[in-house]
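Chemist: sequence and predicted structure, then a few things I'm wondering about:
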Amino acid sequence: MNKKKQYHLSYAKWGYIFILPFFVTYFIFSLIPLVDTVRYSFFEYYRSGIKEVGPNFIGLENYAELLKSDMIGYAGNTLILWIIGFVPQIVIALLLANWFTDVRLKIRGKQFFKIIIYLPNLIMASAFAMLFFALFSTNGPINSILMSIGLTDTPIDFMGTTFGTRSLIGLMNFLMWFGNTTIMLMAAIMGISPDIFEAAELDGCGSFRRFFSITLPLIRPILAYTLITSIIGGLQMFDVPQILTNGQGNPDRTSMTLIMFLNSHLKSRNYGMAGALSVYLFIVSGILCFFVYRMTNGSNKGASRKTRKGGHKA
């Protein structure tokens with residue numbers, strides 16, 4: 001008998017072909033610049049007038065010089081601005097997400113509200129900052145309204161005080177991102193089985209108890225994702241304070257962020273210091289994200305291990 005030849009058609013190569021453009025693009029535009037950034041951080045490389053100095057290998061001197069500079073103070077500014085914007089964002093987003101997904105409230109027009117709260121996320125941060133700069137300037141409409149209703153006799157210099165400038169930056173970050181966070185948390189809550197909520201209601205579980213004992217623990221992965229992306233975005237905060245303070249971080253550089261400090265080194269063509277600061281930002285963001293991940297997922301792993309041990313004993 002003649003054995004029939006069996007042909008095996010493999011589609012694996014097509015998968016590699018389709019993902020090849022991504023890896024080529026990543027290699028050219030991300031990986032090579034990343035390696036160059038780390039390499040330049042160990043060199044003295046800057047331009048003084050028309051004279052270009054370097055690149056001269058100096059080891060860790062750029063890193064040591066940054067620690068002696070105002071970098072720590074700018075890191076504190078970045079942390080404060082992030083807290084001002086993120087804490088109200090996560091609180092309001094959790095509240096709205098819980099309301100919109102609660103079938104007992106029977107809220108009408110949910111799709112309309114979703115669009116409205118997401119719209120600020122579509123506006124460019126630069127346009128948003130210019131809008132707030134015009135609204136809250138000494139000759140802007142906010143001051144005109146306050147003076148017309150008699151709340152103040154003279155224009156308020158909102159951007160002339162540390163509290164006012166930081167509050168405006170935090171408010172803008174909140175308005176731009178709370179809609180995106182709300183939509184993600186709504187999707188996470190809607191992924192919870194309705195049977196769990198029905199069983200809790202039959203057991204007499206109240207709204208607060210249901211939210212803290214059922215909803216929050218079950219949406220922990222999405223909360224971790226939101227917190228990690230927010231930390232990375234906070235460390236990269238640049239456009240809003242840059243435009244609102246004209247790149248100076250006024251008043252008294254209390255609104256100067258780490259990326260604005262990095263941009264000042266790039267403008268002066270000090271690539272060695274800029275590279276060292278970029279490495280610092282990379283290390284700090286990695287450490288913070290690792291701790292957030294461990295905090296939000298550590299207890300789940302511990303519980304699963306206990307369950308496995310209990311199963312083996314049984």
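Modeler: Structure received. Numbers count the residues shown, from 1 in each chain.
Chemist: for the rest of this, base every contact and every neighbour count on C-alpha atoms.
Modeler: Fine.
Chemist: wait, what's in contact with residue 121?
Modeler: Counting by C-alpha atoms under 8 Å, 6 or more residues apart in numbering, residue 121 touches 175, 176, 177, 179, 180.
Chemist: repeat the analysis, applying 10 Å as the threshold.
Modeler: 128, 173, 174, 175, 176, 177, 178, 179, 180 (C-alpha atoms under 10 Å, 6 or more residues apart in numbering).
Chemist: where exactly do the strands run in this structure?
Modeler: Under the criterion DSSP state E, the chain contains strands at 43-48, 51-57.
Chemist: so where's the chain shaky on pLDDT?
Modeler: 1-10, 49, 298-314 (pLDDT under 70).
Chemist: ok, 80 please
Modeler: Within the chain, the segments meeting pLDDT under 80 span 1-12, 46-54, 103-107, 109-110, 296-314.
Chemist: thinking again about what came up before, just the contacts of residue 121 now: which is nearest residue 134?
Modeler: residue 128 (10.0 Å; C-alpha to C-alpha).
Chemist: residue 154 against residue 145, yeah?
Modeler: No: if you go by C-alpha atoms under 10 Å, residue 154 and residue 145 don't touch, sitting 11.6 Å apart.
Chemist: in helices only, show me the contacts of residue 121.
Modeler: 128, 173, 174, 175, 176, 177, 178, 179, 180 (DSSP state H).
Chemist: make CSV out of these and add distance to residue 134 and neighbour count.
Modeler: As requested, those are arranged in CSV below (distance: C-alpha to C-alpha, whole Å; neighbours: other C-alpha atoms under 10 Å):
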residue, distance to residue 134, neighbour count
128, 10, 20
173, 17, 24
174, 19, 22
175, 17, 19
176, 17, 22
177, 21, 22
178, 23, 25
179, 23, 25
180, 25, 21
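Chemist: quickly note the distance from residue 63 to residue 273.
Modeler: Distance of residue 63 to residue 273, given as C-alpha to C-alpha, to the nearest Å: 8 Å.
Chemist: quickly list what's touching both of these two.
Modeler: 41, 42, 279.
Chemist: ok, so what distance separates residue 159 from residue 133?
Modeler: Distance from residue 159 to residue 133, by C-alpha to C-alpha: 9 Å.
Chemist: now the common contact residues for the two.
Modeler: 168, 244, 245.
Chemist: quick check, nearest of those residues to residue 22?
Modeler: For these, the nearest to residue 22 is residue 244 (36.0 Å; C-alpha to C-alpha).
Chemist: wait, the closest one touches residue 168, no?
Modeler: Yes: here residue 244 reaches residue 168: they are 8.9 Å apart, a contact under C-alpha under 10 Å.
Chemist: list the contacts for residue 127?
Modeler: 133, 239, 240, 243.
Chemist: return the member of these nearest to residue 201.
Modeler: residue 240 (44.7 Å).
Chemist: tell me how far the nearest residue in space to residue 83 that is not next to it in sequence lies from residue 158.
Modeler: Closest residue to residue 83 apart from its sequence neighbours, by C-alpha to C-alpha, 6 or more residues apart in numbering: residue 170 at 8.0 Å. Here residue 170 is placed at a distance of 13 Å from residue 158 (C-alpha to C-alpha).
Chemist: more neighbours, the two?
Modeler: Neighbours of residue 170 and residue 158, each counted by other C-alpha atoms under 10 Å, are more numerous for residue 170; the result is 23 against 18.
Chemist: so that one is in contact with residue 244, correct?
Modeler: No: Residue 170 is beyond contact range of residue 244, at 11.8 Å (criterion: C-alpha under 10 Å).
Chemist: ok, so of the shared contacts of residue 159 and residue 133, who is nearest residue 14?
Modeler: Among the shared contacts of residue 159 and residue 133, and counting by C-alpha to C-alpha, the member closest to residue 14 is residue 244, at 49.0 Å.
Chemist: what separates that closest one from residue 158, distance-wise?
Modeler: The value you get for residue 244 to residue 158, if C-alpha to C-alpha is used, is 11 Å.
Chemist: thank you kindly, that will do.
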